[in-house]
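A.B. asks: Structure of the sequence below:
(2 chains)
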Amino acid sequence: KNEVEQSPQNLTAQEGEFITINCSYSVGISALHWLQQHPGGGIVSLFMLSSGKKKHGRLIATINIQEKHSSLHITASHPRDSAVYICAVRSNFGNEKLTFGTGTRLTIIP
Amino acid sequence: NAGVTQTPKFRVLKTGQSMTLLCAQDMNHEYMYWYRQDPGMGLRLIHYSVGEGTTAKGEVPDGYNVSRLKKQNFLLGLESAAPSQTSVYFCASSYTGPPGRHNSPLHFGNGTRLTVT
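C.D. replies: Numbers count the residues shown, from 1 in each chain, chains lettered A, B, ... in the order given. All right, here's what the predicted structure looks like:
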């Protein structure tokens, strides 16, 4: 079993829909990262969180440490949100290793 | 402010050839990383550096070497390329957090697509 599991693997939605992408992990962590990878390949850091909730524009990230689960929400989705969304966790053993999920490919149809 | 710059963007090598990928960051970050990304797998750490003159092995270091002679540059070398090293390579950097708590956003380069035939 992978340490970081994302669901769904692929998601297609209509413009304007509310999107939820899930990330579950199996180890104790000090932080969880959400990243966005556009079709051109570049990777951008969206959020880093260790508790609670963070919001940036139409994006919201939440984490439940007890349940080892995080969600990324997109409100009023737009075709430009089409990308691969990647969850990564840093374990709380103090090393520098981030473990990455395999990503969720999101396609927003106009 | 360029952020993290990787060169080259694309490269095709024959088996046994060598090459060096260059990563440069202008944000004065202490930490730098090299990852590879393969279909169906998450990013995997090859080597990393926690400061100028230091390097350490990641999950998949075999077949690669690195050097961090200057704080702003992190070089990834392939001494004898193999088809299994066909991948997309990403460099990333981050600043240090409080001692003992390195939790900082990662800044990625745009990737290098390497094909070994």
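
A.B. asks: Residue B:64 touches residue B:74, doesn't it?
C.D. replies: No. Counting by Cβ atoms under 8 Å, residue B:64 does not reach residue B:74; the two are 11.9 Å apart. From N, CA and C alone the C-beta is placed, and that goes for glycine too.

A.B. asks: Spell out which residues are contacts of both of those two.
C.D. replies: residue B:34 (Cβ atoms under 8 Å, 6 or more residues apart in numbering or on different chains).

A.B. asks: Looking at these two, which one has more neighbours?
C.D. replies: Taking other Cβ atoms under 10 Å in any protein chain shown, residue B:64 and residue B:74 do not tie; residue B:74 has more neighbours (30 against 19).

A.B. asks: which SS class is that one?
C.D. replies: Secondary structure, DSSP: H, G, I helix; E, B strand; the rest coil: residue B:74 is strand.

A.B. asks: where does chain B come near chain A, residue by residue?
C.D. replies: B:31, B:33, B:40-45, B:48, B:50, B:56, B:58-59, B:88, B:90, B:92, B:100-108, B:110-111, B:113 (Cβ under 8 Å from any Cβ of the partner chain).

A.B. asks: Can you flag the buried ones in those residues?
C.D. replies: With neighbours counted by 16 or more other Cβ atoms under 10 Å in any protein chain shown, those contain buried members at B:31, B:33, B:42-45, B:48, B:50, B:58, B:88, B:90, B:92, B:102-104, B:106-108, B:110-111.

A.B. asks: Report the contact partners of residue 18.
C.D. replies: Here I'm looking at chain A. With Cβ under 8 Å, 6+ apart, residue A:18 has these contacts: A:73, A:74, A:75, A:76, A:77.

A.B. asks: that answer is for a different chain, and I need it for chain B
C.D. replies: Counted by Cβ under 8 Å, 6+ apart, residue B:18 has contacts B:77, B:78, B:79, B:80, B:81.

A.B. asks: show me where the chain has strands.
C.D. replies: This is for chain A. A:4-7, A:10-14, A:19-25, A:29-37, A:43-49, A:52-56, A:59-64, A:69-74, A:83-91, A:98-100, A:104-109 (DSSP state E).

A.B. asks: Chain B was what I was after
C.D. replies: Counting by DSSP E, the strands of chain B are B:4-7, B:10-13, B:19-25, B:31-37, B:44-49, B:56-57, B:64-67, B:73-78, B:87-94, B:107-108, B:112-116.

A.B. asks: average pLDDT across the first one?
C.D. replies: I take that to be strand B:4-7. Taken as a whole, strand B:4-7 carries a mean pLDDT of 96.

A.B. asks: Could you do the second one as well?
C.D. replies: Taken as a whole, strand B:10-13 has a mean pLDDT of 96.

A.B. asks: Off-centre distance for that strand?
C.D. replies: Taking the mean of its C-alpha atoms, strand B:10-13 sits 16 Å from the chain's own mean (Cα atoms, centre = their mean, to the nearest Å).

A.B. asks: Counting by contacts, list what that strand packs against.
C.D. replies: Under the contact criterion of 3 or more Cβ pairs under 8 Å, 6 or more residues apart in numbering or on different chains; DSSP states H and E, strand B:10-13 touches strand B:112-116.

A.B. asks: Direction included, what does the strand it packs on pair up with?
C.D. replies: Strand pairing for strand B:112-116, determined by DSSP bridges: strand B:10-13 (parallel), strand B:87-94 (antiparallel).

A.B. asks: how big is the angle separating that strand from strand B:73-78?
C.D. replies: Relative orientation of strand B:112-116 and strand B:73-78, computed by axes from the mean of the first three to the mean of the last three Cα atoms, to 10 degrees: 20 degrees.
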